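Student: Sequence isn't available, so here's the structure alone:
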């Protein structure tokens, strides 16, 4: 038996005493704010295959039949003309277009399997496709919420705060769009202010909305100015992405099609994403919804290649189900998980990067918010997601961007990243020398092996409270909601704007001012 005065026991006693002084299991709750190790994530896990090859082929074949026999409504004459020139069957006097399967398969084969999305800071470039995993912040929420302010309409102040939070954590690789829609800025110039802020407040890749040709052109120019490059270089180096949603079932509307034309023709990234809710705008069966998702996705992906062969494109899946009692969208469900995993199988079949989402339908930061997001993250990790929209901050089925949920999600994303880190089985990690030193019946607290590693041995959560019950009670019984509320405020208080070349900022400000003087984009209000 080891003597009570041994160095090992002294070490144990010292650790125990420090724990008592710092509040038991929680210890010092000051956390290191993420790490550069989260900037480039790779998922080396064997991907889950929910369907065997024959079943996957059944979905593939059924989706091609949809495109051949039923077709899609293409609601932009310019797009129909391009499709007709490429060999599609355009019905005269109608918006309906049908596509031969060989045409579709030939076109999607030219889409790149991997590509780099460029940021103004080269250290923030992200690789899309393969086993790479990229997390994007929540996008497009009309409302924003925190505990003190409650749920409120989107506004510029909260927009900027959420963008600053996205910049503050390396595990958030891109902004996903406007994290909340700032409705206090007029729609005619909103994109100019928002995209300018994305350049100035972050040094990460960002998104522009496909809401008409001019907004796309402005977004491309702002991204070009932000990187300080020529348009020729911009077209060689994708530096902006847009999300194209089909108007399910089986329609692509004018602004979405125009967005594909403007972005793909200039070599920028198109994320083609049907939004197919089983039981509402898609068949009630998940298999049927996936057939429709696949048909719509293949149509949009093929169109990007009609516009420009080799244009970067991502296969987007966003199939979930509705609550058949209320009609409300449901997320983080077993059905959503199945759809995410099968979507990954389809994307890998076509050799195209895969976009999916971290979702939940909770109205506040509670157990539902956590478990639905955990199931979403489980599915997209096992399913081989490459580009993950709405990774942090999504609440209320996407209607609300939550500051506290953002912090909870960042913590979960970092846990995913740690889980995906390969297990070290080097001779040093196998620790045979430490085992020899301790021997039977001893402990490892005071070994040189432990003391050299204890500060970085394990992931240190942002929110988990590991204090014992008595100390936690003395502290007022704070909840995860309390910790998340505190952390997001601390993070905003410590935010530092990334440096911007003064010449770039001057050119950007001049462009925005000029476009505002021209009236921005015409609206009917």
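Tutor: Alright, I've got the coordinates. Being a predicted model, the structure only gives us computed values, none of them experimental. Numbering: from 1, shown residues only.
Student: Where do the strands of the stretch 101-250 of the chain begin and end?
Tutor: For the stretch 101-250 of the chain, the strands defined by DSSP state E, counting those that start in this stretch occupy 114-117, 126-129, 132-135, 143-146, 150-153, 206-207, 240-244.
Student: and of those, who's closest to residue 287?
Tutor: strand 240-244 (24.0 Å; CB to CB). C-beta here means a position set from N, CA and C on the backbone, and glycine is covered the same way.
Student: For the closest one, what is the distance to the chain centroid?
Tutor: 12 Å (CA atoms, centre = their mean, to the nearest Å).
Student: again with stretch 245-253
Tutor: Worked out by CA atoms, centre = their mean, stretch 245-253 lies 22 Å from the chain centre.
Student: Could you do stretch 344-358 as well?
Tutor: With CA atoms, centre = their mean as the basis, the mean position of stretch 344-358 lies at 14 Å from the chain mean.
Student: per-residue confidence averaged over it?
Tutor: Per-residue pLDDT over stretch 344-358 has a mean of 98.
Student: Can you name the residues that contact the closest residue to residue 316 other than its chain neighbours?
Tutor: Spatial nearest neighbour of residue 316, chain neighbours left out: residue 273 (2.8 Å); criterion: CB to CB, 6 or more residues apart in numbering. If you count contacts by CB atoms under 8 Å, 6 or more residues apart in numbering, residue 273 has them with 243, 244, 245, 246, 297, 316, 317, 318, 355.
Student: Number of residues surrounding residue 462?
Tutor: Residue 462 sits with 23 neighbouring residues when counted by other CB atoms under 10 Å.
Student: One more: residue 133?
Tutor: With other CB under 10 Å as criterion, residue 133 counts 24.
Student: quick revisit: if you look at the contacts of residue 273, which of them are in helices?
Tutor: residue 297 (DSSP state H).
Student: Using a markdown table, lay out the contacts of residue 273 together with neighbour count and distance to residue 122.
Tutor: Output for the contacts of residue 273, formatted as a markdown table (neighbours: other CB atoms under 10 Å; distance: CB to CB, whole Å):
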| residue | neighbour count | distance to residue 122 |
| --- | --- | --- |
| 243 | 27 | 24 |
| 244 | 27 | 27 |
| 245 | 18 | 31 |
| 246 | 26 | 34 |
| 297 | 30 | 31 |
| 316 | 30 | 27 |
| 317 | 29 | 30 |
| 318 | 25 | 31 |
| 355 | 27 | 24 |
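Student: can I get the contacts of residue 273 in a markdown table with distance to residue 42?
Tutor: Below are the contacts of residue 273 laid out as a markdown table (distance: CB to CB, whole Å):
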| residue | distance to residue 42 |
| --- | --- |
| 243 | 24 |
| 244 | 27 |
| 245 | 28 |
| 246 | 30 |
| 297 | 25 |
| 316 | 21 |
| 317 | 21 |
| 318 | 24 |
| 355 | 17 |
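Student: and the nearest residue to residue 347 once chain neighbours are set aside, bridged to which residues?
Tutor: Once flanking residues are discounted, residue 347 sits nearest to residue 354: 3.6 Å by CB to CB, 6+ apart. Under the criterion DSSP bridges, residue 354 forms beta bridges with residue 315.
Student: wait, isn't residue 354 in contact with residue 301?
Tutor: No. Taking CB atoms under 8 Å as the definition, residue 354 is not a contact partner of residue 301, at 11.7 Å.
Student: Spell out which residues are contacts of both of the two.
Tutor: With CB under 8 Å, 6+ apart, residue 354 and residue 301 have common neighbours residue 315.
Student: Show me the helices in the stretch 101-250 of the chain, by range?
Tutor: 101-108, 156-168, 190-201, 213-227, 231-236 (DSSP state H, counting those that start in this stretch).
Student: what's the first one packed up against?
Tutor: This means helix 101-108. Packing partners of helix 101-108 (3 or more CB pairs under 8 Å, 6 or more residues apart in numbering; DSSP states H and E): helix 286-307.
Student: Name the residues of the helix it packs on that are buried.
Tutor: Under the neighbour-count criterion of 16 or more other CB atoms under 10 Å, helix 286-307 has 286-307 buried.
Student: Closest one of the contacts of residue 273 to residue 277?
Tutor: Closest approach to residue 277 among the contacts of residue 273 (CB to CB): residue 318, at 8.7 Å.
Student: wait, that closest one sits on residue 274?
Tutor: Yes. With contact defined as CB under 8 Å, residue 318 reaches residue 274; the gap is 6.6 Å.
Student: any common contacting residues for those two?
Tutor: With CB under 8 Å, 6+ apart, residue 318 and residue 274 have common neighbours residue 293.
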